[in-house]
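# Need a 3D model of the sequence below.
(2 chains)
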Amino acid sequence: EDKVVQSPLSLVVHEGDTVTLNCSYEVTNFRSLLWYKQEKKAPTFLFMLTSSGIEKKSGRLSSILDKKELFSILNITATQTGDSAIYLCAVPSGGSGTYKYIFGTGTRLKVLA
Amino acid sequence: KAGVTQTPRYLIKTRGQQVTLSCSPISGHRSVSWYQQTPGQGLQFLFEYFSETQRNKGNFPGRFSGRQFSNSRSEMNVSTLELGDSALYLCASSPGLNFLSYEQYFGPGTRLTVT
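Below you'll find the predicted structure:
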């Protein structure tokens, strides 16, 4: 069965620290891996990584995909209190009629001032 | 562009009742997916609608159903509510024919509490 596992489950850091969040996956037919940030309710999209785009960067956030070892990491440098959120990763799974995104349970990040 | 909207935002129901949740996608988006989020199970896919047809389905019982209208707005219905149905229900829209090729835009969710 396809699955996504994130680690750590939670993390507490101080402003200015650098954090690395992990997402490992097992999926029959890999297409992509997505990262989302969930602050209050609605997850917001961060990155999509594919076979043709294994590194993405946006400001202080960056992500890489290792298709050989089946994992991705999300790095946040110079963390700020506004980075406090749950970070989710997701991979598409299934076949026709059963396509879906499988989400990990997330990493809860708390950044202290 | 306005984001994905969901109504109501909060709902309290009693076991055995049924409930209908509504989702309006971003203008131009034709794919609407529904998710259940609970502390123990995380985000779990319910189903996806495209052009008024259920195109993909997760592993939830038949008590969970949905539909999509010609304007892409979608509703989700849960019949015979159980305590375990208490969760945050999220709706997400995406633009394309293949919803796996695009990121999804999530609404703020409906918090359902079943007592």
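# Show me what the helix or strand harbouring residue A:109 pairs with in its sheet, parallel or antiparallel.
With elements taken from DSSP states H and E, the one containing residue A:109 is strand A:107-112. Take DSSP bridges as the rule and strand A:107-112 pairs in its sheet with strand A:10-14 (parallel), strand A:85-93 (antiparallel).
# winner for burial among these?
Across those, averaging neighbours per residue (mean count of other C-beta atoms under 10 Å in any protein chain shown) puts strand A:85-93 on top, at a mean of 23. (Each C-beta comes from the backbone N, C-alpha and C, glycine too.)
# Can you dump the C-alpha atoms of it in PDB for me?
Provided in PDB are the C-alpha atoms of strand A:85-93 (Å, rounded to 0.1, in the frame of the first residue of the first chain):
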ATOM      1  CA  ALA A  85       2.700  25.800  11.200                       C
ATOM      2  CA  ILE A  86       2.100  22.200  10.300                       C
ATOM      3  CA  TYR A  87       4.100  21.200   7.200                       C
ATOM      4  CA  LEU A  88       2.500  18.400   5.100                       C
ATOM      5  CA  CYS A  89       3.800  16.500   2.200                       C
ATOM      6  CA  ALA A  90       1.700  14.500  -0.300                       C
ATOM      7  CA  VAL A  91       2.200  12.200  -3.200                       C
ATOM      8  CA  PRO A  92      -0.300  11.200  -5.900                       C
ATOM      9  CA  SER A  93      -1.300   7.500  -5.800                       C
END
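# pLDDT averaged over that strand - what is it?
The average pLDDT for strand A:85-93 rounds to 95.
# List phi and psi for residue B:112.
Here is the backbone geometry of residue B:112 (degrees, to the nearest 10): phi -100, psi 130.
# Quick one: neighbours of it, just the number.
20 (other C-beta atoms under 10 Å in any protein chain shown).
# Quickly list what residue A:75 is bridged to.
Taking DSSP bridges as the rule, residue A:75 bridges to residue A:20, residue A:62.
# That one contacts residue A:63, correct?
Yes - contact criterion C-beta atoms under 8 Å: residue A:75 and residue A:63 qualify, at 7.0 Å.
# Which one's more surrounded, those two?
A direct count of neighbours by other C-beta under 10 Å for residue A:75 and residue A:63 places residue A:63 higher, at 24 against 14.
# can you tell me how far that one sits from residue A:9?
Residue A:63 is 19 Å from residue A:9, where distance means C-beta to C-beta, to the nearest Å.
# name the element residue B:2 belongs to?
In this assignment (DSSP H and E), residue B:2 forms part of neither any helix nor any strand.
# Identify the residues contacting it.
Residues in contact with residue B:2 (C-beta atoms under 8 Å, 6 or more residues apart in numbering or on different chains) are B:26-27.
# Can you tell me the SS state at the nearest residue to residue B:67 once chain neighbours are set aside?
Of all residues not flanking residue B:67 in the chain, residue B:75 sits nearest, at 5.7 Å (C-beta to C-beta, 6 or more residues apart in numbering or on different chains). Under DSSP: H, G, I helix; E, B strand; the rest coil, the three-state class of residue B:75 is strand.
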